[in-house]
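K.L.:
here are the coordinates; sequence isn't available:
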DNA sequence: TCATCCAGTTAACAACTGTTCTCCCGCGGT
DNA sequence: ACCGCGGGAGAACAGTTGTTAACTGGATGA
């Protein structure tokens, strides 16, 4: 019907996205290593064999999901980053950003937390690689802070990893608390804020 | 009375242990949610139907594994606990204990790290419950320290959770570094030591 | 306009899964 | 010495799995 260039590839990427979305949905209640090829195609509404047009295996699909999930995390890290200091107001703002991201992309957060130590090696490596990149980005931002004067590169990277791990841990904690329990959410938020404050305190006196 | 040392029940627990060990071995390269009943019995050298004499499902077996794995972690936490202070010597000792435990029980560490956020809800809850118990134990030990004077119970628990998470993170990091790379191991050990030192520094100035 | 390409389909394969029933046989209590 | 309990084996069940092959039909490029 339409000779518009790209309608072909557009449809292909559409079903590819349908497969990714279907998989992400199914991964809410299982791990990637138990995700079946047919299961995914069934949920996506396509024939089993169509899967091979996009991915070699479910592990391959998992690696693609890592990119998707970490892209959304990337945006949050950026916004969480700029105000990295100990001011109580900014810490609570950072925790709020994490909470908001968990609300906006719960499946992505769950996927990363679950498969970071999961049973599929290529996916583990892909996640680790991305988290290292994040830590380096955080380190670069920390280096700009006047408070980092006198810090070695290694120590800055160490602190960056600590922040990244803490953020992921907090996100996973938010994920586990049901959304209809605002008082529990507040408890988690205050716990995370205090942990960030303690790390910040350690940072302030690191060179003593 | 059923206090009979019975060769009967002894054999039963023997095959039960064989199932647990076989499962733990298989879980080195996959997640619990993809672990098959027949797969386990095959590796254990028993008939598939024998499985039901001990567990209702693989998820049930997973919960049993949590107990086993966390028992071994428990012992390490205890020994790591007593010298919780900032002396560089004791920190490196604690890190060494973690490294030693990973060497002694790699499968247990891997299982806990993997299934803590894994796809089987009952197992996740069992792990979380045990980790909460650990944190409370750590908190109790921290409370004995004269340095904790003036700390609120909530803050002590917060710090305890931070220590537990940090220990698990370190253990998982050791697990991922191949054992035949002593220089990489040393790098991980020093990273963990510095992170502990930073937390300890924050602790020392918490009440400022 | 027409031949080509290629995402998606249908059909079929052997292999594997969890679960039920039936049977076996050695230990434990009497 | 006997019988019953119960851990384990064996066979069979209907479903599901990943993967290959041959096919269809609409978009694509000359």
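P.N.:
Looks like it arrived, so ask away. All figures in this text were calculated on a predicted structure; none of them were measured in a lab. Numbers count the residues shown, from 1 in each chain, chains lettered A, B, ... in the order given.

K.L.:
For the helix or strand of chain A with the lowest mean pLDDT, enumerate the helices and strands it packs against.
P.N.:
When each helix and strand of chain A is scored by mean pLDDT, DSSP states H and E, helix A:58-81 comes last, with a mean of 90. With contacts defined as 3 or more CB pairs under 8 Å, 6 or more residues apart in numbering or on different chains; DSSP states H and E, helix A:58-81 has these neighbours: helix A:7-26, helix A:37-44, helix A:88-104, helix A:106-115, helix A:121-144, helix A:153-176. (Each C-beta comes from the backbone N, C-alpha and C, glycine too.)

K.L.:
just these: most buried one?
P.N.:
helix A:106-115 (a mean of 23; mean count of other CB atoms under 10 Å in any protein chain shown).

K.L.:
Around residue A:177, how many other residues sit close by?
P.N.:
Using other CB atoms under 10 Å in any protein chain shown, residue A:177 is surrounded by 18 other residues.

K.L.:
How far away from the center of its chain is stretch A:169-182?
P.N.:
Taking CA atoms, centre = their mean, to the nearest Å, one finds stretch A:169-182 lying 15 Å from the centre of the chain it belongs to.

K.L.:
okay, how far is it across that stretch, tip to tip?
P.N.:
End-to-end span of stretch A:169-182 (CA to CA, to the nearest Å): 19 Å.

K.L.:
How about it and chain B, touching?
P.N.:
Yes: using CB under 8 Å from any CB of the partner chain, stretch A:169-182 comes into contact with chain B via A:169, A:172, A:176.

K.L.:
how about residue A:178, secondary structure?
P.N.:
coil (DSSP: H, G, I helix; E, B strand; the rest coil).

K.L.:
Retrieve the pLDDT associated with residue A:8.
P.N.:
According to the prediction, residue A:8 has pLDDT 87.

K.L.:
where's it relative to DNA strand C, distance?
P.N.:
Residue A:8 is 6 Å from DNA strand C, where distance means CB to the nearest atom of the strand, to the nearest Å.

K.L.:
Please report how far that residue lies from residue A:14.
P.N.:
Per CB to CB, to the nearest Å, residue A:8 is found 11 Å from residue A:14.

K.L.:
got it, and residue A:159?
P.N.:
In terms of CB to CB, residue A:159 sits 43 Å off from residue A:14.

K.L.:
what do you get for residue A:95?
P.N.:
Taken as CB to CB, the span from residue A:95 to residue A:14 is 37 Å.

K.L.:
try residue A:129
P.N.:
28 Å.

K.L.:
do residue A:201 as well
P.N.:
50 Å.

K.L.:
hmm, back to that, so, in contact with DNA strand C or not, the least confident helix or strand of chain A?
P.N.:
No: interface with DNA strand C: helix A:58-81 contributes nothing (CB under 7 Å from any atom of the strand), its closest point being 13.2 Å away.

K.L.:
Low-confidence ranges, chain A, go.
P.N.:
A:1-5, A:82-86 (pLDDT under 70).

K.L.:
what do you get if the cut-off is 90, keeping everything else the same?
P.N.:
Across chain A, the ranges flagged by pLDDT under 90 are A:1-8, A:72-90, A:178-179.

K.L.:
What residues does it have near DNA strand C?
P.N.:
Counting by CB under 7 Å from any atom of the strand, chain A comes close to DNA strand C at A:8, A:11-12, A:14-16, A:46-50, A:53-54.

K.L.:
can you give me phi and psi for residue A:105?
P.N.:
phi -130, psi 60 (degrees, to the nearest 10).

K.L.:
and it, what does it touch?
P.N.:
A:69, A:72 (CB atoms under 8 Å, 6 or more residues apart in numbering or on different chains).

K.L.:
Roughly how far does it sit from chain B?
P.N.:
Here residue A:105 is placed at a distance of 16 Å from chain B (CB to the nearest CB, to the nearest Å).

K.L.:
Quick check: that residue vs DNA strand D, distance?
P.N.:
Relative to DNA strand D, and taking CB to the nearest atom of the strand, residue A:105 is found at 26 Å.

K.L.:
Contact partners for residue A:58?
P.N.:
If you count contacts by CB under 8 Å, 6+ apart, then residue A:58 has A:23, A:32, A:35, A:36, A:37, A:40 around it.

K.L.:
Tally up the residues packed near residue A:207, please.
P.N.:
12.

K.L.:
Please tell me how far it sits from residue A:155.
P.N.:
Where residue A:155 is concerned, residue A:207 sits at a distance of 9 Å (CB to CB).

K.L.:
Could you do residue A:137 as well?
P.N.:
Look at residue A:137 and residue A:155: by CB to CB, they are 17 Å apart.

K.L.:
likewise residue A:125?
P.N.:
Distance of residue A:125 to residue A:155, given as CB to CB: 26 Å.

K.L.:
One more: residue A:192?
P.N.:
According to CB to CB, residue A:192 and residue A:155 sit 23 Å apart.
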